[in-house]
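Peer 1: Test case, fold it:
(one chain, ligands or ions: 1)
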Amino acid sequence: MANFFSRIASKRVLGGVAAGGVGVGTVAQQFSTQKQATILKDADAEFNKGYGYFDVVKLPAGFAPFQLKNNYPKPEDISAASSSASGLPPVPLPGPDLPTPSLDPRKDAPWLNVDFRTDPMRYCQIIKAYCWEGNSNNNFNIHKNTVRPWYHAPWMHWSENGREPINGLTFERVTPAGELSKNQQRRTQAWAIGFYNWIGATVFGDIWRDPSHPKWDKHVVFPLGTCVFKILMTEATEEEVACLKNAPTLQAVIATPESAANNNAGKRKDKAEPVRLLQVDFAVRDDRIKDPAQGNGWVFGTFMYNGNLNNPDAWDNIIPVGLQWGNDPTLTPEAVKAGRKPEQSWINPDADQLLTDLGGTRADKTKRWGVGGRLNGPVDNFKSACASCHSVAERNLKENIQMLPKQGPTFMRWFRNLGPGESFNGGDKWSADYSLQLMTGYFNYQLWEKSAQGFTHKLKVIVPFSTARQEQKVLEANSRPLRAEKDEEDVD
Ligand code: HEC
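Peer 2: Numbers count the residues shown, from 1 in each chain. A predicted model of the protein is given here:
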């Protein structure tokens, strides 16, 4: 427990406050067995919650509540027989609500048949079709998908930036005025929701076998065939960002402008409003690159909405922005200055043009997409990149988790191609294999557990002052936007 608090207290967002020795044990010991039993029961209930964080997140009248899909399959459900023959992912078992699929494994990880380096466009199209099938026609209510089972990551609700109540979106990042487009005159919030395919969801099924006793005691490796994608929705309108023309919408209860100005979603509006599709991210396990100098075993990719495509179904109006299969570990800032370009990212020239036409600060050559020309999305900070930020994903109870690369001598630590079994900080900081939802959800669970033990707002009066201060810091650390540093500087 001391480790837990020292980790929180030393988080960067707290300005490096040193951990105080706090007698938390004394309070914890006061709990009766009965209280412990209630906590375990509550842990089960929380595990199944789609939304809800104290009284921050409330469902407005007239809307159906977001429901989590968390009946995860387990690794043993992956039939060894079908995987051993081809080395390709096995046939997924049908979910309880799905017809028995007659799936050829090659067809159910169809991107593995295309070389992403020689045909990146087709690779993106195949993944988009896979993610859209049965989902885009149901407004991404995965419970209604009759083609293929998809799942939500657990515990993404329990934080100030946690899931909103209608579509389960989490707060990602605030785009400063003028960043995306010359017409964007206010800060705009981005909210998102991610989905794991059947094979990827087995990792959650394994760790959360018992929701009140999660077990994460080794490096996680997502199986070959894992696909996870995320739709990012913005409050910006077509008037602000022209390419949002006819963008598909979802209803969401987002943060108040004051809260967003503070870079958190701790205060939500009291009514729903439409948010529009701007970006779609994905990550697939693809282990065809064997040399760690050349790749990291995942391919990250992103799409951007472009209403000018005018497809009959607006959800289809997305163009690939690019792919990233490695961090370009030797592409130092000096090399970038000398004109070297990334070799482990691919950027679609059409997306470059789209960003240029919008005329925001991101159109500047040095600020478009990710750092050093690596891939990042339109909603992201140009000081980072997909695989770089995701490489920090680990189970870590002690250290800082800093997502944006730190300037200075350690900068290139954020650009390693970490492989299976390697984590950012090494040792027993078990790797989350690039899954930041696994890391965030597990972290939220730990915060919840400590607060259920008594360190909540409500109990502040009865705990010693020092403990209350620590608890305040826990909550403060918890208010960082998911996809950004709390104190990130976006505009130079
Ligand atoms: C500055 C950090 C950061 C950057 C840059 C970033 N992400 Fe993420 N990403 C996150 C966080 C945090 C989460 C988990 C929280 C959530 O989903 O709301 C996440 C979640 C995801 C997920 C869901 C699965 C998972 O790993 O949790 C996918 C897929 C994803 N991101 C893809 C991308 C792609 C593709 C890019 C680049 C275009 C990208 N991300 C850039 C921080 C980042």
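Peer 1: my read is Arg413 is in a strand, agree?
Peer 2: No. Per DSSP: H, G, I helix; E, B strand; the rest coil, Arg413 lies outside any strand segment and is helix.
Peer 1: which ones are touching it?
Peer 2: Counting by C-beta atoms under 8 Å, 6 or more residues apart in numbering, Arg413 touches 405, 424. For every residue, glycine as well, the C-beta is placed using N, CA and C.
Peer 1: Over to Glu343?
Peer 2: By C-beta under 8 Å, 6+ apart, the neighbours of Glu343 are 328, 331.
Peer 1: Please, which helix or strand holds it?
Peer 2: Counting by DSSP states H and E, no helix or strand carries Glu343.
Peer 1: Would you quantify the distance from it to Leu447?
Peer 2: Glu343 is 40 Å from Leu447, where distance means C-beta to C-beta, to the nearest Å.
Peer 1: got it, and Glu394?
Peer 2: When Glu394 is compared with Leu447 (using C-beta to C-beta), they lie 17 Å apart.
Peer 1: Chain neighbours aside, what residue packs nearest to Lys58?
Peer 2: Pro165 (6.6 Å; C-beta to C-beta, 6 or more residues apart in numbering).
Peer 1: Over to the one you found. Which of the three states is it?
Peer 2: coil.
Peer 1: Indicate whether the host helix or strand of Ile319 makes contact with the ligand.
Peer 2: Secondary structure assignment for Ile319, by DSSP H and E: strand 318-324. No. Using C-beta under 6 Å from any ligand atom, strand 318-324 stays clear of the ligand, coming no nearer than 6.9 Å.
Peer 1: For that strand, which outside residues touch it?
Peer 2: Outside strand 318-324, the residues that touch it by C-beta under 8 Å, 6+ apart are 116, 120-121, 123-125, 128, 277, 279-280, 299-306, 309, 344-348, 350-351, 354, 369-370, 374-375, 377-378, 385-387.
Peer 1: can you tell me which of those are in strands?
Peer 2: Among the contacts of strand 318-324, DSSP state E puts 277, 279-280, 299-305, 345-347 in strands.
Peer 1: any idea which of the residues you listed is closest to Ser259?
Peer 2: Ser259 lies nearest to Gln279 out of these, by C-beta to C-beta, at 21.9 Å.
Peer 1: Near the ligand, which residues of the chain are found?
Peer 2: Counting by C-beta under 6 Å from any ligand atom, the residues of the chain close to the ligand are 170, 172, 192, 194, 228-230, 281-283, 300-302, 375-377, 380-381, 384, 386, 389-390, 403-404, 434-437, 440, 482-484.
Peer 1: From these, which land in helices?
Peer 2: Members of those lying in helices (criterion: DSSP state H): 386, 389-390, 436-437, 440.
Peer 1: Nearest to His157 among the residues you listed?
Peer 2: Nearest to His157, judged by C-beta to C-beta, of those is Thr440 at 10.8 Å.
Peer 1: Which residues are in contact with the closest one?
Peer 2: Taking C-beta under 8 Å, 6+ apart, we find Thr440 in contact with 153, 155-156, 159, 482.
Peer 1: Rebuild those as JSON lines, extending it with distance to Thr33.
Peer 2: JSON lines is the format used below for those (distance: C-beta to C-beta, whole Å):
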{"residue": "Ala153", "distance to Thr33": "32"}
{"residue": "Trp155", "distance to Thr33": "25"}
{"residue": "Met156", "distance to Thr33": "31"}
{"residue": "Ser159", "distance to Thr33": "29"}
{"residue": "Leu482", "distance to Thr33": "36"}
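Peer 1: could you pull out the helices for the stretch 351-492 of the chain?
Peer 2: With DSSP state H, counting those that start in this stretch as the criterion, the stretch 351-492 of the chain has helices at 386-390, 436-452, 465-477.
Peer 1: coming back round to it: between Glu394 and Leu447, which one's more packed in?
Peer 2: Under the criterion of other C-beta atoms under 10 Å, the comparison of Glu394 against Leu447 puts Glu394 first, with 28 against 19.
Peer 1: Return the residues in contact with that one.
Peer 2: 401, 423-425, 429-432, 439.
Peer 1: Name only those of those residues that count as buried.
Peer 2: Taking 16 or more other C-beta atoms under 10 Å as the criterion, what is buried in the contacts of Glu394 is 401, 423-424, 429-432, 439.
Peer 1: Find me the pLDDT at Asp42, would you?
Peer 2: For Asp42, the pLDDT comes out at 89.
Peer 1: Could I get the full set of strands for the stretch 51-200 of the chain?
Peer 2: For the stretch 51-200 of the chain, the strands defined by DSSP state E, counting those that start in this stretch occupy 150-151, 170-175, 188-197.
Peer 1: Can you name the residues in contact with the shortest one?
Peer 2: With contacts defined as C-beta under 8 Å, 6+ apart, strand 150-151 is touched by 69-72, 135, 142, 195-198, 200-201, 204.
Peer 1: Between those, which sits nearest the ligand?
Peer 2: Ranked by distance to the ligand (C-beta to the nearest ligand atom), the contacts of strand 150-151 are led by Tyr196 at 7.4 Å.
Peer 1: wait, doesn't that closest one sit right on Gly225?
Peer 2: No. Assessed by C-beta atoms under 8 Å, Tyr196 is found out of contact with Gly225, at 11.4 Å.
Peer 1: so how far is Tyr442 from Asn396?
Peer 2: Asn396 sits 10 Å away from Tyr442, going by C-beta to C-beta.
Peer 1: Could you list the residues in contact with stretch 117-131?
Peer 2: With C-beta under 8 Å, 6+ apart as the test, stretch 117-131 has contacts from 110-111, 114-116, 195, 227, 229, 280, 282, 284, 299, 301, 303, 318, 320, 322-323, 325, 346, 348.
Peer 1: State the separation between that stretch and the centre of the chain it belongs to.
Peer 2: Centre-to-centre, stretch 117-131 and its host chain are 21 Å apart (C-alpha atoms, centre = their mean, to the nearest Å).
Peer 1: avg pLDDT for it?
Peer 2: For stretch 117-131, the mean per-residue pLDDT is 96.
Peer 1: try stretch 389-404
Peer 2: Averaging pLDDT along stretch 389-404 yields 87.
Peer 1: how about it: buried residues?
Peer 2: Within stretch 389-404, the residues that count as buried by 16+ other C-beta under 10 Å are 389-397, 399, 401-404.
Peer 1: Show me which of those is closest to Thr410.
Peer 2: Gln402 (9.8 Å).
Peer 1: hang on, the closest one packs against Val392?
Peer 2: Yes. Counting by C-beta under 8 Å, Gln402 does reach Val392; the two are 7.0 Å apart.
Peer 1: Which of the helices and strands in the chain ranks last by mean pLDDT?
Peer 2: helix 2-9 (a mean of 30; mean pLDDT, DSSP states H and E).
Peer 1: List the buried residues in stretch 340-351.
Peer 2: 342, 344-348, 351.
Peer 1: The residue of the stretch 1-150 of the chain found nearest the ligand and Phe229, how far apart?
Peer 2: The minimum distance from the stretch 1-150 of the chain to the ligand, using C-beta to the nearest ligand atom, falls at Cys131 (10.0 Å). Separation of Cys131 from Phe229 (C-beta to C-beta): 4 Å.
Peer 1: Thank you, goodbye.
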